[in-house]
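Student: coordinates only, sequence not included:
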């Protein structure tokens with residue numbers, strides 16, 4: 001009787017992870033490219049040629065988020081291959097032995 005809510009809860013988590021990691025990172029990258037174009041003065045509207053310096057700041061913040069996500073993904077894969085677990089007990093991802 002509890003199988004349907006349990007299955008829906010699992011499906012929701014998979015969907016959320018897919019949206020964040022599957023579509024979220026490319027969307028952030030597209031916004032970073034747009035921010036860099038804004039910083040140079042390129043705009044989507046014809047005639048908009050004023051440079052906006054905040055575009056470069058937003059682009060670099062977004063690229064930093066993408067790089068951190070990639071670094072976490074690689075560290076998770078490496079830790080799993082070495083038989084370890086990734087934790088955030090410290091500020092940075094940390095490898096610890098798996099609890100038995």
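Tutor: Thanks, I have the structure now. This is a predicted model, so every value here is computed, not measured. Residues are numbered from 1 along each chain as shown.
Student: Would you mind measuring from residue 12 to residue 5?
Tutor: Distance of residue 12 to residue 5, computed by C-beta to C-beta, to the nearest Å: 10 Å. All C-beta atoms are positioned from the backbone trio N, CA, C, and that covers glycine.
Student: got it, and residue 14?
Tutor: 15 Å.
Student: repeat for residue 21
Tutor: Counting by C-beta to C-beta - residue 21 and residue 5 are separated by 25 Å.
Student: again, but for residue 36
Tutor: Taken as C-beta to C-beta, the span from residue 36 to residue 5 is 45 Å.
Student: Residue 94 too?
Tutor: As judged by C-beta to C-beta, residue 94 and residue 5 stand 34 Å apart.
Student: Looking at these two, which one has more neighbours?
Tutor: Taking neighbours as other C-beta atoms under 10 Å, residue 94 and residue 5 compare with residue 94 leading, 14 against 9.
Student: I'd like to know which elements the biggest helix by length in the chain is packed against.
Tutor: Longest helix in the chain, counting residues (DSSP state H): helix 54-81. Contact here means 3 or more C-beta pairs under 8 Å, 6 or more residues apart in numbering; DSSP states H and E; on that basis helix 54-81 packs against helix 25-40, strand 84-87.
Student: now do 10 Å
Tutor: Packing contacts for helix 54-81, counted by 3 or more C-beta pairs under 10 Å, 6 or more residues apart in numbering; DSSP states H and E, involve helix 25-40, strand 84-87, strand 94-97.
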